[in-house]
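>>> Provide a 3D model corresponding to the input given below.
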Amino acid sequence: MLTPYERLQIARAPKRFYTLDVIERLFEDFTELRGDRRYGDDAAIIAGTATFHKTPVVVIGQQKGRDTKERRMRNFGMPKPEGYRKALRIMKLAEKFRRPILTFIDTPGAYPGIDAEERGQAEAIAYNLREMAKLETPVVVTVIGEGGSGGALGIGVGDRVLMLENAVYSVISPEGCAAILWKDAAQAERAANCLRLTAEDLQRLGIIDRTVAEPVGGAHTDTEESLRLLDSALKENLEFAVSIKSSERVKRRFKKLRELGRWSE
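Below is the predicted model of the structure:
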């Protein structure tokens, strides 16, 4: 049985697949769309149209980068406000043309730099949360690696929320939590054990709807098998999301959001 901290290390494995790998292997006819039409483009978020099992869809996800050059270009997968505004712009296009949306979360968190704050980082994320809750098109969210705080939530509201077995999803990174609570980032393992960041914990709490299995040792040990399992889960959950009546979709999504965080003893 892996500990939460061990799962965190697997979620961060350098050879683990990223959003672009998912798009390349599981989708066809992908056309990337760039820019937020207000400030610029953010390479930390990939967005565009594609076909999934013959169904026209929109795909949005965070991309960390493989080498130093790409990681700097993609800001290590930490989106800025223009990234979230780009994502929402593409989601609105999906709604207009009645295309389902599939989002892929993999970020340590939204970029906390001064320039991002000056351009309204918190407002951009909050606006996305509100607008995603109201989208009338089906939305399936999948946490494929790290799901860090508001950086993840900015593209994380959907009809179905999936999470890979060794992915993590929390309000803060274990290092950040340890630095705040114990003034020592070296206490990250202790924090990870307290944060309830694993798929098992989050499914039990009702935060996610389904855990997607990974090969023994993690997705990076057998990418092909991992993507096959993910493909099957996406297909099943997209079909479920599409089957929800339009008149009920927003009501169900809002009800689900309102029930998150309910305390029980």
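>>> residues in contact with the strand or helix carrying Arg85?
Assigning secondary structure by DSSP states H and E places Arg85 in helix 81-96. Contacting residues not belonging to helix 81-96 are listed as 33-42, 44-45, 47-48, 57-58, 60, 79, 99-101, 103, 110, 116, 119-121, 123-125, 127-128, 131-132, 135-137, 139, 154-155 [CB atoms under 8 Å, 6 or more residues apart in numbering]. No exception for glycine: its C-beta is placed from N, CA and C like everyone else's.
>>> just the buried residues from those, in ChimeraX please.
One line in ChimeraX is enough to select the buried ones among the contacts of helix 81-96; burial here means 16 or more other CB atoms under 10 Å:
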select :36,42,44,45,47,48,57,58,60,79,99,100,101,103,110,116,119,120,121,124,125,127,128,132,135,137,139,154,155
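>>> now the helices for this protein?
Per DSSP state H, the chain carries helices over the ranges 4-11, 19-26, 68-73, 81-96, 114-118, 121-134, 149-153, 174-181, 188-194, 199-204, 223-243, 246-259.
>>> name the residues that touch the longest one?
Pointing back at helix 223-243 there. Under CB under 8 Å, 6+ apart, the answer for helix 223-243 is 15, 17, 21-22, 25-26, 52-53, 55, 57, 100, 102, 138-140, 142, 144, 158-160, 162, 164, 209-210, 212-215, 219.
>>> what about that helix, distance to the chain center?
With CA atoms, centre = their mean, to the nearest Å as the basis, helix 223-243 stands 15 Å off its chain's centre.
>>> tell me which residues of it are tucked away?
Result for helix 223-243 [16+ other CB under 10 Å]: buried residues 226-227, 229-231, 233-234, 237-238, 241.
>>> now the second one
Within helix 19-26, the residues that qualify as buried are 19-23, 26, counting by 16+ other CB under 10 Å.
>>> ditto for the fourth one
In terms of neighbour count (16+ other CB under 10 Å), helix 81-96 has its buried residues at 81-91, 93-95.
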